[in-house]
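J.: Below is the structure, and that's it, no one-letter string:
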């Protein structure tokens, strides 16, 4: 089984590079979805988050208010490091369990879709990494459309991540996503053929 890590500006809305690979039969694990699930369902993590960021981080039903958490976590490198230190090991553990299940089902391609793939050290468990890049204005526009994040919030979050230049330097494959959706999908198809799975 081949394990491909995918990170970067991977698409818009529900149309992503990973979903295209799923159409070819890949099993896709979305690290963001795993992180949200862990964040809302792990009492020890919720307790530590409340201690660090305040009890008002929970709504009336006891769920973590993710927008408020993001606002506070991205307010400083220390806060971001704390949150990542709680969540990343749990996401990694869940991802490894999914990889094992996929191996047992004779899967040929397993995709780890992870915005913080390098930052979380997930690249260490992949066979190769695809970085999807776009110009700053494209990235900002797509994030704003998807998440309603304002300019200054986007820039602050962007600065806390690895630079795109460093991601490209560490990548095995790079796709530039400054064009149309059809253009992006053609590039993904070409990559899939290149992997020769």
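T.: Done, it's in. Small disclaimer: the values here were computed from a predicted structure and weren't measured. Residues are numbered from 1 along each chain as shown.
J.: switch to C-alpha atoms for all contacts and neighbour counts from now on
T.: Will do.
J.: So which residues of the chain form helices?
T.: 17-23, 31-41, 43-53, 66-73, 77-104, 136-147, 151-160, 164-170, 181-195 (DSSP state H).
J.: phi, psi of the residue of the chain most remote from its centre?
T.: The centre of the chain is farthest from one residue, residue 60, which by C-alpha atoms, centre = their mean lies 28.2 Å away. Reported as degrees, to the nearest 10, the phi and psi values for residue 60 are phi -60, psi -30.
J.: Which residues are in contact with residue 112?
T.: Neighbour list for residue 112: 3, 4, 5, 6, 28, 29, 30, 31, 95 [criterion: C-alpha atoms under 8 Å, 6 or more residues apart in numbering].
J.: Narrow these to those that are buried.
T.: Among those, the ones that count as buried by 16 or more other C-alpha atoms under 10 Å are 3, 4, 5, 6, 28, 29, 30, 31, 95.
J.: in this structure, which helix or strand is least confident?
T.: In the chain, the helix or strand scored least confidently by mean pLDDT, DSSP states H and E is helix 136-147, which has a mean of 52.
J.: Quick check: mean pLDDT of stretch 26-35?
T.: For stretch 26-35, mean pLDDT is 94.
J.: what sits up against that stretch?
T.: Contacts of stretch 26-35 (C-alpha under 8 Å, 6+ apart): 18-19, 22, 87-88, 90-91, 94-95, 98, 102, 107-115.
J.: out of those, which are buried?
T.: When those are checked for burial by 16+ other C-alpha under 10 Å, the buried set is 18-19, 87-88, 90-91, 94-95, 98, 102, 109-115.
J.: which regions of this structure sit below the pLDDT cut-off?
T.: For the chain, the stretches with pLDDT under 70 are 10-15, 136-160, 197.
J.: Go again with 90.
T.: For the chain, residues meeting the criterion pLDDT under 90 lie at 8-16, 74-77, 115-116, 119, 134-164, 178-181, 196-197.
J.: Tell me how many other residues crowd residue 81.
T.: Residue 81: 13 surrounding residues under other C-alpha atoms under 10 Å.
J.: One more: residue 100?
T.: Neighbours around residue 100, by other C-alpha under 10 Å: 10.
J.: so how far is residue 78 from it?
T.: Relative to residue 78, residue 100 is positioned 33 Å away (C-alpha to C-alpha, to the nearest Å).
J.: ok, residue 8 - contacts?
T.: Contacts for residue 8 (C-alpha under 8 Å, 6+ apart) come out as 115, 131, 132, 133.
J.: Pop out the phi and psi values for the first one.
T.: So the one you mean is residue 115. The phi/psi pair for residue 115 (degrees, to the nearest 10) is phi -60, psi -40.
J.: and the gap between it and residue 104?
T.: 26 Å.
J.: Now render the contacts of residue 8 as CSV, adding distance to residue 71.
T.: Formatted as CSV, the contacts of residue 8 follow (distance: C-alpha to C-alpha, whole Å):
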residue, distance to residue 71
115, 17
131, 26
132, 25
133, 25
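J.: which one of these is nearest residue 49?
T.: residue 115 (21.1 Å; C-alpha to C-alpha).
J.: so that closest one touches residue 18, yeah?
T.: No - between residue 115 and residue 18 there is no contact under C-alpha atoms under 8 Å: 11.9 Å.
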